[in-house]
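**Student:** Provided below for reference: sequence and predicted model.
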Amino acid sequence: MIPLKTKEEILIMKEGGQKLAILKTLKENAKPGIKTKDLEELAQKLILKERALCSFKGYKDPESTSLPYPACLCTSVNEELVHVPPSSRILKEGDILKLDLGIFWKGFHLDAAITVAVGKVSFEAQRLIRVTKKALKLAIKKARPGNTFGDISNTIQRYVESQGFNVIRELCGHGIGRDFMRNRKF
């Protein structure tokens, strides 16, 4: 269960969430020929400039034998789903890049993600990006007092499937707050 936040905590999270506009700068720099690790270096500099900390870097799932996550940014390209560490991989014209960034601000872990078209992408890739943006807008409209997570996720799933795409049920969202990975797998 995600704990309810006070008005003051919500204001702090809003302030930190505004710092995640770092993603806009990363999006502008995601061009053919750039390595995903170059975006990681930029993300680290921008996070430092905002006087925030990385949430993802060094995280280790206590139930796993995997190594700690090595970066601030997740850079999933094309068919890769989520949580792929930046590397020497070079972005190419037509790639779809998912950028996922988590920061720690005044006691709270905040997280945002965007999907970026690298150069000119196919019509189908453009359509996928449009559908996901609209699904987010529908979800935000549905996120009101009295509605449940089920109401919101049902709205997303029905719209996405009506457009010929699928949702991945195991990766359908999480909360934000003081506890980085409460009820969440990385």
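**Tutor:** Good, I have the coordinates. Residues are numbered from 1 along each chain as shown.
**Student:** tell me the buried residues in the helix or strand containing residue 156?
**Tutor:** Assigned by DSSP states H and E, residue 156 falls within helix 149-162. Across helix 149-162, burial judged by 16 or more other Cβ atoms under 10 Å covers 152-153, 155-156, 159-160. For the C-beta atoms, the positions are set from N, CA and C on the backbone; glycine is no exception.
**Student:** so which residue is smack in the middle of this structure?
**Tutor:** By Cα atoms, centre = their mean, the mean C-alpha position of the chain lies nearest to residue 113, the distance being 2.3 Å.
**Student:** still on that earlier bit, take the buried residues of helix 149-162 and lay them out in TSV including pLDDT and distance to residue 146.
**Tutor:** Formatted as TSV, those follow (pLDDT from 0 to 100; distance: Cβ to Cβ, whole Å):
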residue	pLDDT	distance to residue 146
152	92	12
153	91	16
155	96	14
156	94	18
159	98	20
160	97	23
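**Student:** of those residues, just say which sits nearest to residue 53.
**Tutor:** Nearest to residue 53 among the buried residues of helix 149-162: residue 152, at 29.0 Å, using Cβ to Cβ.
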